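S.K.: need a structure here:
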Amino acid sequence: AMYRAKAQGKNSYVYYDADMHAAGMERLKLEGDLRKAIARDELVLHYQPQVDTVTGDIVGVEALLRWQHPEHGLVPPFKFISLAEEIGLIADLGNWTLREACRQLVELQEQGHMLAKMAVNVSPLQFNDDFIHEVSEVLYDTGIRPSSLVLEMTEGIAMDNTQDVIRGLKNLKALGVSLSIDDFGTGYSSLSYLSRFPLDDLKIDRSFVIDFDKSEADASLVTAIIAMGKSMNLQLVAEGVETKAQYDFLTRNGASVIQGYLFSKPLPIDELRELLKPGYFTQQINELSGQGLRALKTDTR
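M.R.: Residues are numbered from 1 along each chain as shown. Reported below is the predicted structural model:
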């Protein structure tokens, strides 16, 4: 009851009931299982494509961690990522994700698939000198080209000591990897750090993409982010794109790399291979832009 009261914001009270005990026992078991998940080989990666709307090619993928629990099946990330951060396991999960994603990208490239970028998420709790050493080791051990690895940071990384963060980011850049801010626009200090951090990519947060047609402020913010990113020579990726209206708005305003369910959900590597064929999404893009319809009318004249 005390922990439940604290979770609700403190300065409150909660009466104990049996449901709390059941929830607590469930969490305790989940915690124990999560500690064994890596050793039991229960973790898997799914990949969501980032599509170039000019060429129709997949120019990158984002690696997303999944937990294939032997009893509960596929456990969604929101159920175990925050738990991993609370119990100090996020570095282990993050390092496993980094190494496996790099290994699988090298495997795909050796099989002849043209995939230029692998994006891997980095928790603010994971970002330290040990992590930089881990990245260096992974690059060496897997043989991945450093320029193929994109490390996606959240804006939460800017909440720590800024000088230490800048030093760490510069050390990563020295390894040759690319750096991206994952949820740009959702924090409080975006403009203050954007010019000081050695970034390569900028991801437009899905919350703005989803609500662009419901809020004039969100729509204006998205166009401003695109303009600002281009003025700073940053590569832009719009995530969470699910509808034609969102696609039209983003591409009309200059965002040409799209990630979201409009093109594909996150896929296991075996299903991803089929989508890596050159120009796989060209027909869908033509249909979205109306070019397919125009071409049909031209052919019938």
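
S.K.: quick check: closest non-adjacent residue to I144.
M.R.: By the measure of C-beta to C-beta, 6 or more residues apart in numbering, the closest residue to I144 outside its immediate chain neighbours is C102, 4.4 Å from it. Backbone N, C-alpha and C define where each C-beta goes, glycine included.

S.K.: downstream neighbour of whichever strand or helix holds that neighbour in the secondary structure list?
M.R.: According to DSSP states H and E, C102 maps onto helix 90-110. With elements assigned by DSSP H and E, the helix or strand that comes after helix 90-110 is strand 117-122.

S.K.: is it true that L89 touches D33?
M.R.: No. Under the criterion of C-beta atoms under 8 Å, L89 is not in contact with D33, lying 11.4 Å apart.

S.K.: quote the end-to-end distance of stretch 46-61.
M.R.: 9 Å (C-alpha to C-alpha, to the nearest Å).

S.K.: so where do the strands sit in this protein?
M.R.: 43-52, 58-69, 73-75, 117-122, 149-153, 178-184, 201-204, 235-238, 257-259, 267-268 (DSSP state E).

S.K.: now these in CSV, with mean pLDDT and distance to D129?
M.R.: Formatted as CSV, those follow (pLDDT from 0 to 100; distance: least, C-beta to C-beta, whole Å):
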stretch, mean pLDDT, distance to D129
strand 43-52, 96, 25
strand 58-69, 95, 23
strand 73-75, 87, 31
strand 117-122, 96, 14
strand 149-153, 95, 15
strand 178-184, 87, 16
strand 201-204, 91, 23
strand 235-238, 94, 27
strand 257-259, 96, 31
strand 267-268, 96, 33
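
S.K.: turn those strands into TSV, including mean neighbour count and distance to F131.
M.R.: Converted to TSV, the strands of the chain look like this (neighbours: other C-beta atoms under 10 Å; distance: least, C-beta to C-beta, whole Å):
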stretch	mean neighbour count	distance to F131
strand 43-52	22	18
strand 58-69	22	16
strand 73-75	13	24
strand 117-122	23	7
strand 149-153	23	9
strand 178-184	22	13
strand 201-204	25	19
strand 235-238	24	22
strand 257-259	25	24
strand 267-268	14	26
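
S.K.: so where's the stretch 1-150 of the chain shaky on pLDDT?
M.R.: Low-confidence segments of the stretch 1-150 of the chain (pLDDT under 70): 3-4, 6-10, 18-27.

S.K.: before we move on, back to that, now do the helix holding C102 against strand 58-69, angle only.
M.R.: Helix 90-110 runs at 130 degrees relative to strand 58-69, counting by axes from the mean of the first three to the mean of the last three C-alpha atoms, to 10 degrees.

S.K.: list the contacts for L288?
M.R.: Contact analysis of L288 by C-beta atoms under 8 Å, 6 or more residues apart in numbering lists 244, 247-248.

S.K.: let me know the pLDDT of it.
M.R.: pLDDT, L288: 92.

S.K.: that one and F212, how far apart?
M.R.: Distance of L288 to F212, given as C-beta to C-beta, to the nearest Å: 16 Å.

S.K.: list the buried residues for stretch 214-226?
M.R.: Judged by neighbour count using 16 or more other C-beta atoms under 10 Å, the buried positions of stretch 214-226 are 218-219, 221-223, 225-226.

S.K.: pLDDT on it, on average?
M.R.: Mean predicted lDDT for stretch 214-226 stands at 85.

S.K.: which of the contacts of L288 fall within helices?
M.R.: Secondary structure defined by DSSP state H assigns 244, 247-248 of the contacts of L288 to helices.

S.K.: quick one: which of those residues is nearest to V177?
M.R.: Of all these, the one with the least separation from V177 (C-beta to C-beta) is Y247, at 29.3 Å.

S.K.: that closest one contacts L262, correct?
M.R.: Yes. Using C-beta under 8 Å, Y247 is in contact with L262, at 5.9 Å.

S.K.: between the two, which contacts overlap?
M.R.: With C-beta under 8 Å, 6+ apart, Y247 and L262 have common neighbours V241.

S.K.: of all the strands of the chain, which lies closest to M2?
M.R.: strand 73-75 (26.9 Å).
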